[in-house]
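Asker: Predicted model and sequence below, questions to follow.
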Amino acid sequence: MFKRFVAVLLAATVILSAAPMPVAATAQADQCTFPMTFTDATGTEVTISEDPERIVTTNPSAAQTMWEIGAQDEVVGLSQYALYLDGASKKTNVSGSGGVNVEAVIGLEPDLVLVPNTTYVTEPDKIQQLRGAGLTVAVFESGDSLTGVADKVERVGNITGNCEAGAERADEMRTSIANMERALEGVEQPVGLNAFFGYTSGSGTFISEVMTNAGLRNGAAEANITGFGQINEELVVTMDPEYIVVPSHAPIPSGPAYNSTTAIQEGNVIVVDANNLQQPAPRAIDASEAILEAVHPDAYERYQQLQNESETTSDATTEAETMTDEQTTESMPTTDASETTEGAAPGFGLVVSLVALAAVAFLARRQ
């Protein structure tokens, strides 16, 4: 299982560039209007004929995203690595000994199959088999930054018919990212190293941003390591990280090289839930928060204050919009049968139409 895990991580460094959505398709996606047509990360034009009700996710990050936007009931199949999600054990496991179990996916008769790019890179033949069976498959780019992950969350919400929830969760992520940046203004950032089974996360990875957004400099990136790669002991000694970030499923690195580092000598090893740290999905923000709290407790306290302020502002905005909506509804004139006859006052029908159009426009802005 570890070899496959490493292979997937290394494959993630070969990220396909997502072809831009045509303007018309983007507008459709924003409105959750079906049928929806767009170009996915493989350059394939994908058409989703109607709001999908049965969805298969082939990667845990896609499953986590569906859970985070409250659409888990639409998921009928997921990978074995997503079984940590609440209620996931009731879904069909579509993982096989060699990756995606094509027969299991086809047997579920899904309306849509969500395929992160890492799955496509490692198993392109199986994705073609799914498409050859007539299934609608959407391959989307891997998030290589936290803002990229937020964009992906919004995109998943669009193509699954959960526009409002996807946009809301994505905005929450963007707010958290901005608040961390504000909380860390003027704070000195020590060198950190993400270590797992002899590998590390270099530049161009979302894990690198998880760390830097939490107030660490990524020593691997500064050592010109790109993507996910091996790290040798000589580099560890030269780097001398002040903090080491380890996913929860991996052992704390040891040996002469690591034992000589400031991180090990001072006990600055941060163990982070692997499902948060290593999946480009909404809970990556939780990983950043855990690192921020461990490295910069004062900044973390400031961050929490900013988060509370943002939540208060958001609640106030929602309440104001609700009150405005109610006022608009109450201000709309009521008519009885006599007012809609030929004897009604001239032009009254036009006034009603204008008010109705204004209400529709207001509701459209809220969607």
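Answerer: Looks like it arrived, so ask away.
Asker: which residues of the stretch 251-367 of the chain fall in strands?
Answerer: 269-272 (DSSP state E, counting those that start in this stretch).
Asker: Give me the buried stretch members for stretch 242-256, please.
Answerer: Across stretch 242-256, burial judged by 16 or more other Cβ atoms under 10 Å covers 242, 243, 244, 245, 246, 247, 249, 250, 253. All C-beta atoms are positioned from the backbone trio N, CA, C, and that covers glycine.
Asker: Outside of it itself, list whatever touches it.
Answerer: 190-198, 211, 216, 233, 258, 261-264, 266, 268-274, 277-278, 291, 294-295 (Cβ atoms under 8 Å, 6 or more residues apart in numbering).
Asker: May I see the PyMOL selection of the buried members of those?
Answerer: Those of the contacts of stretch 242-256 that count as buried under 16+ other Cβ under 10 Å are selected in PyMOL with:
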select buried, resi 190+191+192+193+194+195+196+197+211+216+258+261+263+264+268+269+270+271+272+273+274+277+278+291+294+295
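Asker: any chance of the buried residues of stretch 242-256 in TSV, with distance to residue 121 and secondary structure too?
Answerer: Listed next are those as TSV, based on distance: Cβ to Cβ, whole Å; DSSP: H, G, I helix; E, B strand; the rest coil:
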residue	distance to residue 121	secondary structure
242	34	coil
243	31	strand
244	28	strand
245	25	strand
246	26	strand
247	21	strand
249	22	coil
250	23	coil
253	27	coil
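Asker: Between which two of those residues is the distance greatest?
Answerer: Taking Cβ to Cβ as the measure, these span a maximum distance of 23.5 Å, between 242 and 249.
Asker: Kindly state the pLDDT recorded for residue 2?
Answerer: With respect to pLDDT, residue 2 scores 47.
Asker: same check, this time on the one 4 residues further on
Answerer: In this model, residue 6 is scored at 47, pLDDT.
Asker: How about the one 10 residues further on?
Answerer: Here, the pLDDT recorded for residue 16 equals 33.
Asker: just to revisit the earlier point, among the buried residues of stretch 242-256, which one lies nearest to residue 204?
Answerer: residue 245 (17.1 Å).
Asker: who does the closest one bridge with?
Answerer: Note on residue 245: beta-bridge partners by DSSP bridges are residue 194, residue 270.
Asker: So it versus residue 301, what's the distance?
Answerer: According to Cβ to Cβ, to the nearest Å, residue 245 and residue 301 sit 21 Å apart.
Asker: got it, and residue 51?
Answerer: Computed as Cβ to Cβ, the residue 51 to residue 301 distance reads 43 Å.
Asker: So between those two, which is more surrounded?
Answerer: For residue 51 versus residue 301, the count of surrounding residues by other Cβ atoms under 10 Å is larger for residue 51: 17 against 12.
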